[in-house]
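Chemist: Sharing a sequence plus its predicted fold:
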Number of protein chains: 2
Amino acid sequence: MSFAVLAEPARRQILDLLRERERSVGELVDDLRLSQPGVSKHLRVLREAGLVQARVDAQRRVYRVRPEPLAAIDGWLAPYRQMWSSRLDALEVHLAADVAQEDS
Amino acid sequence: MSFAVLAEPARRQILDLLRERERSVGELVDDLRLSQPGVSKHLRVLREAGLVQARVDAQRRVYRVRPEPLAAIDGWLAPYRQMWSSRLDALEVHLAADVAQEDS
DNA sequence: ACCTTGGATAACTTGACAGTTATATAACCG
DNA sequence: CGGTTATATAACTGTCAAGTTATCCAAGGT
């Protein structure tokens, strides 16, 4: 699972940037206060995790997001999502009950 | 965001175990091939991230999951979820079109 | 052909963290 | 009380990963 890949803030930021639109490495370097090799290294990790994909445009590599691997994370999260949403539901019921009490 | 906390497989495993039912540290040690101080250390990280909560029962500390902080991760994931689900939709449409073509 | 641009890779340094053993703390039990 | 159980913390070690600079490679432009 790619949790470890996403643990790095710079990599999440890269994904967020690429989510808007695809970008070349140089554009990412401008946005990410980080050296060019640093960006390339993160991109490599993301590429090997299948989270981004590079297209060659002359001397540039233009990267874009591939969201599919994130489904695994979403899957891990799913049972917990039920937990916190049911707790929210319970909270709502509780609050509603309080309001009802105020009426009496 | 607690991505870094979840990057550690042992910590995800602890959460998964606690999701079934609350457990004492000792029970977790039995399940997680890991030394007792190792487990305690992971529990500390999880506790400080608000992902687990300890209840005192005599000499034991019984831990249980607090799923709320995972909502932040879910929130980060949300826009990507749209991306991959819309891609799946597109795939379905594509497959449906293929089937339709076979009919002709 | 030469120089420049855009990225990737290499080599290195450093810091963080997971795991360990040993020890402290605290509550229960006889 | 004294011993035992349950957990936390301390101190240490080793590994790994992120960041850096320097270098390589490929493609473009003139």
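Modeler: Ah, there it is.

Chemist: Quick check: which element contains the spatially most central residue of chain A?
Modeler: The centroid of chain A falls nearest to A:R12 when counting by C-alpha atoms, centre = their mean (5.6 Å). For A:R12, the host element (DSSP states H and E) is helix A:9-20.

Chemist: Now tell me what touches stretch A:42-58 from outside.
Modeler: A:2, A:5, A:8, A:10-11, A:14-15, A:18, A:22, A:24-25, A:28, A:34, A:61-70 (C-beta atoms under 8 Å, 6 or more residues apart in numbering or on different chains). For the C-beta atoms, the positions are set from N, CA and C on the backbone; glycine is no exception.

Chemist: still on that earlier bit, give me every residue that touches the residue nearest to the centre of chain A.
Modeler: By C-beta under 8 Å, 6+ apart, the contact list for A:R12 reads A:6, B:1, B:3, B:76.

Chemist: Next step: those residues restricted to helices.
Modeler: A:6, B:3, B:76 (DSSP state H).

Chemist: Just the buried residues of the residues you listed.
Modeler: Buried residues within these, counting neighbours by 16 or more other C-beta atoms under 10 Å in any protein chain shown: A:6, B:3, B:76.

Chemist: which residues does the last one contact?
Modeler: By C-beta under 8 Å, 6+ apart, the contact set of B:W76 is A:12, B:1.

Chemist: Please tell me how far it sits from DNA strand D.
Modeler: According to C-beta to the nearest atom of the strand, to the nearest Å, B:W76 stands 17 Å off from DNA strand D.

Chemist: Chain A against DNA strand D: which residues are in contact?
Modeler: Selection of chain A residues close to DNA strand D by C-beta under 7 Å from any atom of the strand yields A:7-8, A:10, A:34-35, A:37-38, A:41-42, A:45, A:58-59.

Chemist: before we move on, the earlier item: quick check: buried residues in the helix holding A:R12?
Modeler: For helix A:9-20, burial by neighbour count (16+ other C-beta under 10 Å) applies to A:11-12, A:14-15, A:17-18.
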